[in-house]
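J.: What shape does this take:
(chains A, B and C)
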Amino acid sequence: MLTKKQIEFCLETIGDMFPDAECELVHDNPFELVIAVALSAQCTDALVNKVTKTLFQKYKKPEDYLAVPLEELQQDIKSIGLYRNKAKNIQKLCKMLIEEYGGEVPRDRDELVKLPGVGRKTANVVVSVAFGVPAIAVDTHVERVSKRLGFCRWKDSVTEVEKTLMKKIPESEWSATHHRLIFFGRYHCKAQRPKCEECPLFSLCREGQKRYKKGLVKLP
DNA sequence: CTCCCGATAT
DNA sequence: ATATCAGGAG
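T.: Coordinates of the predicted model:
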């Protein structure tokens, strides 16, 4: 586990590497964001954007998703994967929005989590990106980066990772830091071929040291 | 814990 | 051929 000072140094460095990190899911309003994030489970943002580009032209409002048979919606999002669950969730979600939320996306995290296909991570993305509420959505990248660097313990659940990060990062920095961690994980500290050789955090990274001992990292 | 699942990188 | 991708539900 890194000290609070070390974590601050890491976040500052990562901020210098990705100063303008932001949400990469293309959307025009909170409703489109909810759909995009729900679709993004176990799938790349790039692929979600490819699908929503045409999807959002065909479906504008919750009513539009309910106006077609389930099978048609499935076909429209098939290339994303997990498409049967996602199509069903989207139709149920739209039904709930209409019947219980006046057709609008709720601004409250606890209400968002009640929507089918929307868990803690998705709700955090929506309140943060769409409504400007401070939040840290712990996705696969944030979890991996936090554990590799030693922001938290290896066995921590995503809930524990989120609590730890919220405790060690000032609230005003939650949303920006969260996006920087995602960019760092997506483009630098990648799951399959992390760029340890050119990483400014290598010397204090627990995973980096482990990889070095294994001979996986060749220093210049 | 398992299942859902196609696209892409390695 | 296998690992991974802005996870969530049962």
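J.: wait, what's in contact with the residue positioned nearest the centre of chain A?
T.: Central residue of chain A (CA atoms, centre = their mean): A:Asp139, 4.6 Å from the mean position. When contacts are counted by CB atoms under 8 Å, 6 or more residues apart in numbering, A:Asp139 touches A:121, A:182. For glycine as for every other residue, the C-beta is placed from the backbone atoms N, C-alpha and C.
J.: Which residues of chain A lie near DNA strand C?
T.: Selection of chain A residues close to DNA strand C by CB under 7 Å from any atom of the strand yields A:23-25, A:37-38, A:40-46, A:81-82, A:85, A:89, A:115-123, A:125, A:129, A:137, A:139-141, A:144, A:178-179, A:182, A:185-186, A:190-192.
J.: Recalculate using a threshold of 6 Å.
T.: Applying CB under 6 Å from any atom of the strand, we find that chain A lies next to DNA strand C at A:23-25, A:40-45, A:82, A:85, A:116-122, A:125, A:137, A:139-141, A:144, A:179, A:182, A:186, A:191-192.
J.: For the closest residue to DNA strand C within chain A, give its distance to A:Asn89.
T.: Residue nearest to DNA strand C within chain A: A:Gly119 (2.6 Å; CB to the nearest atom of the strand). Using CB to CB, to the nearest Å, we find A:Gly119 at a distance of 11 Å from A:Asn89.
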